[in-house]
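Asks: Using only what follows, build the 3D model:
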Amino acid sequence: MDNKLPDVVDSEIIRRVTNGEVNAFELLMEKYGDMVSRIVSRHIPHAKSEEVVQDVFVRIYQSLGSYSAKSPFSFWLSKIAVRCCYDFWRQQHRKKEFALSGLTEDHQNWIDAVQAAESREVFEREASRREAAEVLEYALGKLSAEDRMVLTMVYLEGIPVAEVAGLLGRTVVGVKVRAHRSRHKMRKIISSLLGERHKEDGN
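Replies: The predicted structure follows:
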């Protein structure tokens, strides 16, 4: 099925929905469903991603009347998706901590490599390793929602800072500062984790 709907422009669908033709909103869901799912899946755990995707489309429907067409609809929609991911993490309260005893030798080697990483390329490569998943999730879970989103988009996804600023409604300078600080915070968290691991090894 072709979800691009080449014969129907977004503005016409939006006009129909805002004029009361509620069922026309399904056309936007069909067209942008995959894009929203991709954005959400990059930030939200799989078990919760479907719920967040639904929240995104609810918010899009509720906000449709405020779309001014000053930017492409896809970008406006992406901002809402990113904001929903941000709100998800802002509302989360971690129920359990990562077990230090669960760290394997591979995990420890990964931590050492991340500590030594000085470039985004190295950071991305190390973050993609299988051994990194639990440690990375632990560290990200210690960050604020905005720190987490900025660090993930800038360093892990490689999205240009200007685009991240647009998606989050922040200035470019603000995102650069936040990215630098959040990366430093995460390194401190991982360093602390490594230090605790060394203490355990010494006992």
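Asks: switch to C-alpha atoms for all contacts and neighbour counts from now on
Replies: Fine.
Asks: which stretches of this protein form helices?
Replies: With DSSP state H, the ranges of helices along the chain come out as 10-18, 25-43, 46-63, 73-91, 105-116, 120-127, 132-141, 145-151, 161-168, 172-202.
Asks: would JSON lines of the ones you listed with mean neighbour count and mean pLDDT be doable?
Replies: Formatted as JSON lines, the helices of the chain follow (neighbours: other Cα atoms under 10 Å; pLDDT from 0 to 100):
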{"stretch": "helix 10-18", "mean neighbour count": "16", "mean pLDDT": "90"}
{"stretch": "helix 25-43", "mean neighbour count": "17", "mean pLDDT": "93"}
{"stretch": "helix 46-63", "mean neighbour count": "16", "mean pLDDT": "93"}
{"stretch": "helix 73-91", "mean neighbour count": "18", "mean pLDDT": "91"}
{"stretch": "helix 105-116", "mean neighbour count": "16", "mean pLDDT": "58"}
{"stretch": "helix 120-127", "mean neighbour count": "15", "mean pLDDT": "58"}
{"stretch": "helix 132-141", "mean neighbour count": "17", "mean pLDDT": "71"}
{"stretch": "helix 145-151", "mean neighbour count": "22", "mean pLDDT": "89"}
{"stretch": "helix 161-168", "mean neighbour count": "18", "mean pLDDT": "92"}
{"stretch": "helix 172-202", "mean neighbour count": "16", "mean pLDDT": "77"}
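Asks: Quick check: nearest residue in space to residue 43, chain neighbours excluded?
Replies: In space, residue 43 comes closest to residue 85 once its chain neighbours are excluded; the distance is 6.5 Å by Cα to Cα, 6 or more residues apart in numbering.
Asks: Which residues are in contact with residue 27?
Replies: Contact analysis of residue 27 by Cα atoms under 8 Å, 6 or more residues apart in numbering lists residue 13.
Asks: Tell me the spacing between it and residue 77.
Replies: Distance, residue 27 to residue 77, by Cα to Cα, to the nearest Å: 14 Å.
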